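Participant: Build me a model from this:
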Amino acid sequence: MDHFPVFMAVAGRRIVLSGGGEAALAKLRLILKTTAHVTVIAAQAAPEIHRWAAEGRLHLISRGMEPGDAMCAVLFYAANEDDVEDARVAALAHRDGARVNIVDNLADSQFITPAIVDRDPVVVAIGTEGAAPVLARRIKRDLEERLPAQLGVLARIGKTFRAAADVLPMGVKRRDFWSAFYDKIGPQAIEKGGESAVVPALEALLDETLATTEKLGHVDLVGAGPGDPELLTLKARKALDVADVVIYDRLVSGEILELARREAVMIDAGKEGFGAAMAQEDIDALIVQHALNGAHVVRLKSGDPTVFGRLDEEIDALDAAGISWRIVPGITAASAAVAGIGQSLTKRGRNGSVRFLTGHDTKGFADHDWKALARPGEVAAIYMGKRAARFIQGRLLMHGANPMTPVTVIENASRPDARVLATTLAQLEPTLTKAGLNGPALTFLGLAPRDAVAARNDMNIEEFA
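Facilitator: Here you go, the predicted structure:
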């Protein structure tokens, strides 16, 4: 991010613009929405600029710019549509201490003006770092259609009522009050009685909210999917939007954590097989404590919480504390990984079942029905299998598995840095040791990448014979 988005205070301060043509008009239509003191400097100005000056909306200086014209200006726009003149006036404004924007010259500008959706005092700014103004306009159009016209009225009235609402405790209760106002009570009041009906509706809502007793929080046990934020479900995204507390695992990607509500408390409860970890009972206690304090908690787990997610232990702790909960499933790593290599988990004539296995459990390397797994045509997705690879390889070979059985290991499934290792059971080790995998990896027994998909997607497949 090369431009940090801020909302600058301009009320009663100077904004100066040099130019009088179409570029100047485009900027002025936006600048005149503010309560700044606007000065335009132009030897020849468009009729609209003269009309705005006559109406007292701006001050027009009918000459070229001179030193000192931008003194005390908080912002300055060079909009002469002439590179030489814009460079000259920009240099003068710099010397006067103003922040300078040169229209259509991103490289020499100190700030940029975003596309704006105006529901004053609600203002949505859309910027693309100057890379895609057409895209910014498309987003603006979409938001204009989605945001109701009365939103600004509700925001203005809500602002005047904030001091009264401060009697509500910080947190869920106060946020629920404002959510009820903006989502339901406010729009209904305007529809039934106009703007004058909004304050009485707010007062009634406040009395009702104060009368309600404190309630326990709620916990959403949410699957974050394999890492690609576009694979996050709508329910998961909505849960993150309203969370007071997010307790997340180590493998949840940073892009998904960015989607959480900005005010949410973010708690890393990361675990690593055979490594440092927060004990499960401590995680259970953490979830329960925040919910008992009235928080809406999102317990965010990589993949799907119902697959090797120790979900039942957390549910048991919540049930014991009398706290409500909901499971929001996610896309498990096996589904994302197998899609990435163009295969399916089951195939008619090949395998009518698939096994989801873990490479290790709380006691160490996990034991399984190795004899059944060693049969021809079996397919298994092995989670947390990197450190257990030699153990798994030995058990399968010992029970008669074909050494040439295809094995595919996918690291960072669904993510831009995904890595695919195509090998055989006989070469599973030392293949994994040589590859030096660092990210989460899933091992498929009995599946190889589909060649056509690899070629079409320019997939980075490392083959080990």
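
Participant: need the contact list for the residue nearest the centre of the chain.
Facilitator: With the centre of the chain defined as its mean C-alpha position, the nearest residue by Cα atoms, centre = their mean is Leu259, 2.7 Å away. Taking Cβ atoms under 8 Å, 6 or more residues apart in numbering, we find Leu259 in contact with 229, 232, 237, 240-241. Bear in mind the C-beta positions are built from the backbone N, C-alpha and C, glycine included.

Participant: same thing but 7 Å
Facilitator: Applying Cβ atoms under 7 Å, 6 or more residues apart in numbering, we find Leu259 in contact with 229, 237, 240.

Participant: Ile190: which of the residues you listed is nearest?
Facilitator: Closest approach between the contacts of Leu259 and Ile190, by Cβ to Cβ: Arg237, at 28.7 Å.

Participant: Would you map the strands across the stretch 351-465 of the chain?
Facilitator: 355-358, 360-361, 364-365, 380-383, 406-411, 419-424, 441-445, 461-463 (DSSP state E, counting those that start in this stretch).

Participant: Return the distance of the second one from the chain's centre.
Facilitator: Averaging C-alpha positions (Cα atoms, centre = their mean, to the nearest Å) puts strand 360-361 32 Å from its chain's average.

Participant: residues in contact with it?
Facilitator: Strand 360-361 has contacts (Cβ under 7 Å, 6+ apart) with 273, 366, 384, 387-388.

Participant: For Val84, give its distance to Ala46.
Facilitator: Look at Val84 and Ala46: by Cβ to Cβ, to the nearest Å, they are 21 Å apart.

Participant: who's more crowded, these two?
Facilitator: Ala46 (17 against 7; other Cβ atoms under 10 Å).

Participant: what comes up buried for the helix or strand where Val198 lies?
Facilitator: Element membership for Val198, per DSSP states H and E: helix 198-211. The neighbour-count check on helix 198-211 (16 or more other Cβ atoms under 10 Å) flags 198, 201-202, 205-206, 209 as buried.

Participant: pLDDT for the residues you listed - can I get that in a markdown table?
Facilitator: Output for the buried residues of helix 198-211, formatted as a markdown table (pLDDT from 0 to 100):
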| residue | pLDDT |
| --- | --- |
| Val198 | 89 |
| Ala201 | 89 |
| Leu202 | 89 |
| Leu205 | 89 |
| Leu206 | 89 |
| Thr209 | 84 |
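
Participant: Would you check which pair of these lies furthest apart?
Facilitator: Most distant of those, by Cβ to Cβ, are Val198 and Thr209, 16.1 Å apart.

Participant: In the stretch 151-300 of the chain, mark out all the helices, start to finish.
Facilitator: Ranges of helices within the stretch 151-300 of the chain are 151-165, 172-180, 186-193, 198-211, 234-242, 254-257, 280-292, based on DSSP state H, counting those that start in this stretch.

Participant: Dump those to JSON lines, plus distance to Ser414.
Facilitator: Output for these, formatted as JSON lines (distance: least, Cβ to Cβ, whole Å):
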{"stretch": "helix 151-165", "distance to Ser414": "36"}
{"stretch": "helix 172-180", "distance to Ser414": "33"}
{"stretch": "helix 186-193", "distance to Ser414": "39"}
{"stretch": "helix 198-211", "distance to Ser414": "42"}
{"stretch": "helix 234-242", "distance to Ser414": "15"}
{"stretch": "helix 254-257", "distance to Ser414": "11"}
{"stretch": "helix 280-292", "distance to Ser414": "25"}
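
Participant: lowest-confidence stretch among those helices?
Facilitator: In terms of average pLDDT, helix 172-180 trails the rest of these, at a mean of 82.

Participant: picking up where we left off before, I'd like the contacts of Leu259 as TSV, with neighbour count appended.
Facilitator: Output for the contacts of Leu259, formatted as TSV (neighbours: other Cβ atoms under 10 Å):
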residue	neighbour count
Pro229	17
Arg237	15
Leu240	23
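
Participant: for these, which one is nearest Gly436?
Facilitator: Closest to Gly436, out of all of the contacts of Leu259 and judged by Cβ to Cβ, is Pro229, at 26.7 Å.

Participant: Number of residues surrounding Asn351?
Facilitator: Neighbour number of Asn351 under other Cβ under 10 Å is 19.

Participant: Just grab the bridge partners of it for me.
Facilitator: Beta bridges link Asn351 to Lys347, judged by DSSP bridges.

Participant: what about it, distance to Asp451?
Facilitator: 20 Å.

Participant: So which elements touch whatever helix or strand Ala339 lives in?
Facilitator: Assessed by DSSP H and E, Ala339 sits inside helix 333-340. Applying 3 or more Cβ pairs under 7 Å, 6 or more residues apart in numbering; DSSP states H and E, we find helix 333-340 packed against strand 441-445.

Participant: Outline the domain layout of this structure.
Facilitator: By the assignment in automatic domain parsing, the chain contains the domains 14-113, 151-211, 218-331, 334-463.

Participant: how far does the first one stretch from start to finish?
Facilitator: Okay, so that is domain 14-113. Start-to-end span of domain 14-113 (Cα to Cα, to the nearest Å) is 16 Å.

Participant: Let me see the mean pLDDT of it.
Facilitator: 94.

Participant: Check Thr362 and give its pLDDT.
Facilitator: So, for Thr362, pLDDT stands at 68.

Participant: now swap in Thr213 and tell me
Facilitator: According to the prediction, Thr213 has pLDDT 69.

Participant: i'd like the first residue to be 34 from this point on
Facilitator: All set: I'll call the first residue 34, so the last point we hit is now Thr246.
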